[in-house]
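Asks: no sequence on this one, just coordinates:
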Ligand SMILES: [Mg+2]
């Protein structure tokens with residue numbers, strides 16, 4: 001059965017460990033390793049009926065190389081990729097495109113979460129749009145301290161291992177008609 005909660009998720013330093021990326025001279029990612037636990041949690045979300053969209057900045061070829069190679073591409077029901085859409089997060093088109101591909105409208109925003117490691121892109125983008133923001137704060141390469149209200153995440157994911165557990169917790173609340181925005 002399909003779950004209520006819709007999961008939008010970033011790639012670099014949220015699922016994929018950017019320090020392992022191997023790029024060609026054009027900057028296209030040829031291969032990259034996932035964070036420990038990320039694959040299991042992504043598959044578990046998919047297998048348990050969550051709708052998942054990849055909302056990520058980069059080129060389509062890079063993401064195809066990563067997710068076709070590691071066999072996880074089937075986990076994504078939709079993709080919003082900046083290289084295809086011409087703008088990067090926090091541009092609304094990135095989120096709207098994923099919503100449109102999944103047949104979602106503004107009335108579904110209360111049940112969409114965006115998970116990402118970048119305050120200025122993932123968290124600001126989600127907050128401006130009124131969807132639920134979750135900061136994946138385990139990458140050592142990014143500043144995790146919000147400098148204003150727009151950068152304040154609703155929730156924190158401090159390990160890819162806890163992704164499924166956090167989403168299940170939020171699913172319970174949403175299906176119980178509780179608002180999960182503005183938690184922190
Ligand atoms: Mg990222």
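Replies: Sure thing, it's come through. Since the model is a prediction, treat every value here as computed from it, not as a measurement. Numbers count the residues shown, from 1 in each chain.
Asks: Which residues of the protein lie near the ion?
Replies: Residues of the chain lying near the ion by CB under 5 Å from the ion: 10, 12-13, 117-118. (Glycine included, C-beta is placed from N, CA and C.)
Asks: Just the ones of these in strands?
Replies: Judged by DSSP state E, the residues of the chain next to the ion include no members of strands.
Asks: what's the closest of the residues you listed to residue 27?
Replies: Nearest to residue 27, judged by CB to CB, of the residues of the chain next to the ion is residue 12 at 12.6 Å.
Asks: ok, that closest one - how many residues close by?
Replies: 23 (other CB atoms under 10 Å).
Asks: In three-state terms, label residue 8 for me.
Replies: Following DSSP: H, G, I helix; E, B strand; the rest coil, residue 8 is assigned to strand.
Asks: in the protein, what spans have low per-residue confidence?
Replies: Residue ranges of the chain with pLDDT under 70: 183-184.
Asks: So which residues of it form strands?
Replies: Per DSSP E, the chain carries strands over the ranges 6-9, 22-23, 29-31, 51-56, 78-81, 112-116, 132-136, 155-157.
Asks: Can you tell me which of the residues of the chain next to the ion are buried?
Replies: 10, 12-13, 117-118 (16 or more other CB atoms under 10 Å).
Asks: Residue in the chain with the shortest distance to the ion?
Replies: The chain approaches the ion most closely through residue 12 (3.8 Å), counting by CB to the ion.
Asks: Endpoints of stretch 65-84, how far apart?
Replies: End-to-end distance for stretch 65-84: 15 Å, by CA to CA, to the nearest Å.
Asks: List the buried residues of it.
Replies: For stretch 65-84, burial by neighbour count (16+ other CB under 10 Å) applies to 65-67, 70, 72, 75-82.
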